[in-house]
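**Q** Below are the sequence and a predicted model; questions follow.
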Amino acid sequence: MTANVVLGLCAYTHDSAAALLVDGHLIGFVEEERLDGIKHSKAYPAHGVAWLLDEAGLSSADVTTVAYNFDGRRYLGALGQLPTHLRQAASRARAVPRARSFTTVHRRYQARMRDLAERFPRARLQAVPHHRAHALYAFAAAGVDDAAVLIVDSLGELQTTTTWHARQRRSRLSLDLAHAIDDPASLGYAYGAVTEHLGWRRGDEEGTVMALAALGDPARFRDLISRAIRLTTDGFTLDPALIALRVLASRYGRVTPAFTAATCPPRTP
């Protein structure tokens, strides 16, 4: 009887990793940086995959499913936001570059799927929406059989904040999306913007800023942050006059001159 061999991948982005399950049994999981020595490695996790398959006595031809932790087709949803961003003076200059950048990421996703299809010619490729992957992992690690799950990050396709209802009944797991907030409303994006503005590495040292915040004066920028991140009836939104509209390209900064004028000049790394 042919084994059900599922290879889970985080690849081509920060913190590449791999996990392997054979007939529902976890063989192992590993971050690529532990094996290639590159901090936050974003390479295809070749070392991790090779180690896991060797542990199971299998080859790439034995993999029946490759689960990838993004569904790149969903990036195209940003194109539908273009008219709204063009109408707003604060986001108009970035509206077209934003739409173009999301299209570029979608194209890269297609290339990555072709690469995986060549590496695992007998496997079914399964794109997993990024927040769903987060939620499944959080629930599985919680050790309970009924839970509310909250996911807050910078960006998963278009989603930035989601709430879920997860239940485990015997061998059946259900995960239902209760509410979602889409980009450009993103707490992770705002946190990364401030991190970068203060001279720390965005996507890495937000935790440093979080620790230092405990030593600061919460009243100092309370009014500014309440304007930059405004509460709404169903969550929150970012003010593009202070936190610039996201463009998926590193040459586009995240804070505006108005934000800088109200805080401090950008700090050097």
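**A** It's in.
**Q** could you pull out the strands for the stretch 151-269 of the chain?
**A** With DSSP state E, counting those that start in this stretch, the ranges of strands along the stretch 151-269 of the chain come out as 159-169, 172-182, 229-232, 235-238.
**Q** now what about the second one, what contacts it?
**A** If you take C-beta atoms under 8 Å, 6 or more residues apart in numbering as the criterion, strand 172-182 is touched by 77, 131-132, 135-136, 139, 148-149, 158-167, 234-236. Where C-beta positions appear, they are placed from N, C-alpha and C, glycine not excepted.
**Q** Now the buried members of those.
**A** The neighbour-count test (16 or more other C-beta atoms under 10 Å) marks 131-132, 135-136, 139, 149, 158-164, 166 as buried among the contacts of strand 172-182.
**Q** The closest residue to residue 60 other than its chain neighbours: neighbouring residues, count only.
**A** Nearest in space to residue 60, with sequence neighbours left out and distances taken as C-beta to C-beta, 6 or more residues apart in numbering, is residue 120 at 5.4 Å. Number of residues near residue 120 (other C-beta atoms under 10 Å) recorded here: 22.
**Q** ok, residue 120 - contacts?
**A** Counting by C-beta under 8 Å, 6+ apart, residue 120 makes contact with 7, 60-61, 63, 66.
**Q** How about residue 69?
**A** With contact set as C-beta under 8 Å, 6+ apart, residue 69 has these partners: 8-10, 128, 130, 133.
**Q** Was I right to think residue 160 contacts residue 152?
**A** Yes: if you go by C-beta atoms under 8 Å, residue 160 and residue 152 touch, sitting 7.4 Å apart.
**Q** how near is residue 30 to residue 120?
**A** 18 Å (C-beta to C-beta, to the nearest Å).
**Q** Does anything pack onto the host helix or strand of residue 118? Which helices or strands?
**A** Assigned by DSSP states H and E, residue 118 falls within helix 92-119. If you count contacts as 3 or more C-beta pairs under 8 Å, 6 or more residues apart in numbering; DSSP states H and E, helix 92-119 packs onto strand 65-68, helix 82-87, strand 124-127.
**Q** Beta-bridge partners for residue 181, please?
**A** With DSSP bridges applied, residue 181 shows beta-bridge pairing to residue 161.
**Q** Retrieve the pLDDT associated with it.
**A** Note on residue 181: pLDDT of 97.
**Q** count of residues packed around it?
**A** 19.
**Q** got the contact list for residue 130?
**A** Contact analysis of residue 130 by C-beta under 8 Å, 6+ apart lists 69-71, 155-157, 159.
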